[in-house]
Structure formats: C-alpha cells, structure tokens
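A.B. asks: mind folding the following:
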Amino acid sequence: MLSIPINLNLPRTPRLITSLPGPRAQAIVQRDRAVTSPSYTRDYPLVASRGQGCMVEDVDGNVFLDMTAGIAVTATGHAHPEVVKAIQEQSERLLHMSGTDFYYEPMVELAEQLAIRAPFPHPQSHTGFPAKVFFTNSGAESNEGAIKLARYYTKRSLIVAFLGAFHGRTYGAMSLTGSKTVQRANFGPLLPGVTHIPYGTHASLDYLEQLFTTILPPSEVAAIVVEAIQGEGGYIVPEDGFLKRIRDICDRHGIVMVVDEVQSGMGRTGRLFAIEHWGVMPDIITTAKGIASGLPLGAILARPELMTWPPGSHATTFGGNPVACAAGIATLGLLESGLMTNATQMGELLQTSLTELHQRFPRVSPPRGKGLMVAVDLLDEQGNLDYKLRDRIIQEAFLRGLLLLGCGKAAIRFCPPLVIDSEQIKIALQIISEILKNERESRVGLP
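C.D. replies: Have a look, this model is predicted:
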C-alpha cells in the first residue's frame, strides 16, 4: 500500500508539487483499471488521500481546492472534527445491529430530529411528529422506497417524472431518471407506467394536464416525483409557482407529491430542504448525500398518514447504521449552528462573482441556483451549449489544483463544502478566469 507522510493541517489554497497525475496516483489508477468496473465515471485522475475542510490532498501530496464536496456529500467539509468525534465515539460502542430488527438510540434520535424539521403540516397534538422516517443507504434507495410507499398508499401504479431528472441508477430509480441515455441504454425493460414531461415550467404542467384528459388517467397516478432543484440535469431552478402548482395538481387528484432532495437537501441551498424556499409542503421527501457528511446514509421522510405499510413490507439491513446516524446527528447540529447561514452568504458571493465572470467572458452564462448549489453553462460563439469547452475547463482546472464537476449538457456545477469562505471562492474564480483568458487568447474557444 502506498503512503505519504501526513501533516497535521492542509493549506487552505491549492498546492501542487508534482505533475498531474503524480507517480503514486498513476500507479493506483493503473491498478484500478485492472480490477474495477468500467461503468465508473472518472473526470480526471484525482487519487484522494485525505481531506480537510474544502481541501483534498492526493497520494503524491498535491493539495486541491474542492468545489465538488464529493458530489455534494461532505456538507460539513472533509473530516470535520465534530463529525469525526461522533463517528469515533459511536464506533467504539456499536458498529451495527440492523434497525430493521432491533432498536438503538442513534437511529431514533436522528429520526426525531429529521421528523420535527420536515416541511410537512404539524399535527395538532404536541406529542406527535409531522413525519415518519425510513433510513436507507443512498439516494437511489430512498427513491426506490418512495415509489413503493406511494404505490402502497394510493393503490395506484402510474408515476410522473421529469426530463432531465436524476433519481439514481437502480431499476425503479433509473426508470424515473431522465437525464442521459447512457444511464438507461440496454437495461430494459424498465419499470412500467412512468411518464416523463419537461421540467420546471408552467408550460410543462399545462402539458401534463392535457395528458390527464387524453392518455394518462389521473385517478391511476400514484405519484409525481420531482426535484426541488434539478441536480445532475443542470442545477435548474424551476419557475416560481411551478412546485406549488404540482402540489395543487396532486391535491386535486389524490396524487402523492414526492420531492427528491438528495442533492438539494441538507442545507445546501441555505435551507434544510430546498422546497422550503417556495413554502410548499410535499407528502414525501427523499434525501441522502449531505445527511451524514460522507458516511452512506439516506432517508425517506413521509407524512405519518402515508407511512402505514406493515412490518416486513419494506426493510434494509444497513440503512440507519448507528455510526452513520451518529454522523448524521453531528451533521445536522453543524448545519443549524451556522453552516446553512454560510451557505446563503457564500452562495450570494459566488453568484455575484460568476455574474462578473459572465460579463467578462460572454461564453459563460449568467449563474443560476440557490445557496451553494450553483451552475453556469458554457456556450459557443453562436450562444449554443458547448460541452467541449466545459470539459476543457474542468480538465484544466484540475491541473491548476481546482476540483470541478459538470452537470446538464454543458454546465459546471459549484457544490463545495458548506464551510467554504470568501477567500476560497475568490481563488476558485481566479483559476477559472485564468483558464478562460487563455482559451480566448489561444482562439480555441472564446472569441
């Protein structure tokens, strides 16, 4: 096993000491290619060794500024000391007992904390909670369970989902996903009864209501599954009133409104759940990613009157693992003690900085998003989406010590740990600006 000496603290800015990838990274990449599935998507050869806050160190000692948070997962930053402490203390007591068959307090405590914060109608009784919680291992598993729960509750089978959506790659979740053909190709037949419509506009909901009068009986629709803000599909923020209108449609026809907050939830947009920006109360929320700062954990939150399935109808061996739940409790405390506020403030700074970037480089679109869930598109000279330019920028950013990810057709997403500060945002934008300037001067992209 390759190793390097570990310093106590990482620098807060990029530090490159080898060419990229370095020799140790190259060796691990070669080993990886021999034994792991080719289905993994690796945008560049980062071989991470450790992380701290917004910084990631590779196996050669190079340090990167991370604007990905492990795909919006490390909400409290890499290896936050309070999360690490909670993991250490819980792992010394109990690693696993399976919440499907037994009880342990971390699972109950995290369920209580999530349930009381769920954006659902609060019961009249002071002893009741507005939600019940089922713990999972991932976002895809949360969405699988939500499909089952909606069908169980309504005794209906049909589901409406959206083009551009990403809900996971397991069979039910993949059937809802409408982002890229590679995610569905050669895996059919998929789950029957799923209808996809365009996302985010009132015109798309006009189209849905036309379908209800022609080929899609609303009395047979179990659920409308929607992302509060589309994630992998491009960080698309819906039109005002779009989510409320879905709520109204669901109420009118007895349909369950399922909101996927796997990427947008857990403080990323400055609210615990992004749906709160619009004041809409769904019936089911699915979440994962940032919920436990990096440990595998997800959850289904449902209004109590919906979650009535009997013992044995849905279960999981590892979901709600005690160590993951301990990390989740620590994460939730950190989010509410300042990180959601920081997400709002740094998100505003990020959007302001990206707007200035757009003004200097017109082939960068104006930014969109909420909190620290922000994206820009890259455009060609005619104003069309230019994924080749996007991909070049991401690759060059890696070589300069900045970690970025794409989304949508030609977007760069910015989803850093919620501990990011103004100086780190400034550094990230400086790197991107230098890349764009070089692109323009070399006449390989920008006019």
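
A.B. asks: what pairs with the longest strand along the chain, parallel or antiparallel?
C.D. replies: Longest strand of the chain, by residue count under DSSP state E: strand 221-227. Strand 221-227 sits in its sheet next to strand 158-162 (parallel), strand 256-260 (parallel), going by DSSP bridges.

A.B. asks: which of those is buried the deepest?
C.D. replies: Mean neighbours per residue, mean count of other CB atoms under 10 Å, is largest over the strands paired with strand 221-227 for strand 256-260, with a mean of 28. Quick note: C-beta positions are derived from backbone N, CA and C, even for glycine.

A.B. asks: that one: what's the following helix or strand?
C.D. replies: strand 284-287 (DSSP states H and E).

A.B. asks: quick one: closest of the strands paired with strand 221-227 to residue 417.
C.D. replies: For these, the distance to residue 417 is smallest for strand 256-260, at 21.5 Å, taking CB to CB.

A.B. asks: got the CA positions of the closest one in CSV?
C.D. replies: Extracted in CSV, the C-alpha atoms of strand 256-260 (Å, rounded to 0.1, in the frame of the first residue of the first chain):
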residue,chain,number,x,y,z
VAL,A,256,-48.7,11.8,-3.8
MET,A,257,-46.1,14.6,-4.2
VAL,A,258,-42.6,13.2,-3.8
VAL,A,259,-39.8,15.7,-3.7
ASP,A,260,-36.3,14.4,-4.3
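
A.B. asks: now do that strand, average pLDDT.
C.D. replies: Taken as a whole, strand 256-260 has a mean pLDDT of 98.

A.B. asks: show me where pLDDT drops low in the chain?
C.D. replies: For the chain, residues meeting the criterion pLDDT under 70 lie at 1-8, 124-127, 443-447.

A.B. asks: okay, helices next: where are they in it?
C.D. replies: 23-35, 69-72, 81-93, 105-117, 139-154, 171-176, 202-212, 242-253, 322-334, 340-360, 387-399, 422-442 (DSSP state H).

A.B. asks: would you format those as JSON lines with distance to residue 229 included?
C.D. replies: Formatted as JSON lines, the helices of the chain follow (distance: least, CB to CB, whole Å):
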{"stretch": "helix 23-35", "distance to residue 229": "33"}
{"stretch": "helix 69-72", "distance to residue 229": "11"}
{"stretch": "helix 81-93", "distance to residue 229": "25"}
{"stretch": "helix 105-117", "distance to residue 229": "19"}
{"stretch": "helix 139-154", "distance to residue 229": "14"}
{"stretch": "helix 171-176", "distance to residue 229": "16"}
{"stretch": "helix 202-212", "distance to residue 229": "15"}
{"stretch": "helix 242-253", "distance to residue 229": "10"}
{"stretch": "helix 322-334", "distance to residue 229": "20"}
{"stretch": "helix 340-360", "distance to residue 229": "12"}
{"stretch": "helix 387-399", "distance to residue 229": "19"}
{"stretch": "helix 422-442", "distance to residue 229": "20"}
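
A.B. asks: nearest to residue 375, out of the ones you listed?
C.D. replies: Ranking the helices of the chain by proximity to residue 375 (CB to CB) places helix 340-360 first, at 9.0 Å.

A.B. asks: distance from the chain centre to that closest one, please.
C.D. replies: Here helix 340-360 shows a centroid-to-chain-centroid distance of 19 Å under the convention CA atoms, centre = their mean, to the nearest Å.

A.B. asks: swap in stretch 62-71?
C.D. replies: On CA atoms, centre = their mean, the centre of stretch 62-71 falls 15 Å from that of its chain.

A.B. asks: okay, how far is it across that stretch, tip to tip?
C.D. replies: 20 Å (CA to CA, to the nearest Å).

A.B. asks: distance check, residue 183 against residue 177.
C.D. replies: For residue 183, the distance to residue 177 equals 6 Å [CB to CB, to the nearest Å].

A.B. asks: now do the shared contacts for these two.
C.D. replies: The contact sets of residue 183 and residue 177 overlap at 166, 169 (CB atoms under 8 Å, 6 or more residues apart in numbering).

A.B. asks: of these two, which one has the most company?
C.D. replies: Set side by side, residue 183 and residue 177 show more neighbours around residue 177, with 26 against 15, by other CB atoms under 10 Å.

A.B. asks: that one is in contact with residue 168, isn't it?
C.D. replies: Yes: between residue 177 and residue 168 there is a contact at 6.7 Å, judged by CB atoms under 8 Å.

A.B. asks: burial measure for residue 85, as a count.
C.D. replies: 12.

A.B. asks: how close does it sit to residue 333?
C.D. replies: The value you get for residue 85 to residue 333, if CB to CB is used, is 12 Å.

A.B. asks: next: residue 25.
C.D. replies: Distance from residue 25 to residue 333, by CB to CB: 35 Å.

A.B. asks: residue 375 now?
C.D. replies: Counting by CB to CB - residue 375 and residue 333 are separated by 29 Å.

A.B. asks: try residue 350
C.D. replies: Separation of residue 350 from residue 333 (CB to CB) stands at 25 Å.

A.B. asks: out of the helices of the chain, which gets nearest to residue 46?
C.D. replies: Comparing the helices of the chain by CB to CB, helix 387-399 comes nearest, at 6.8 Å.
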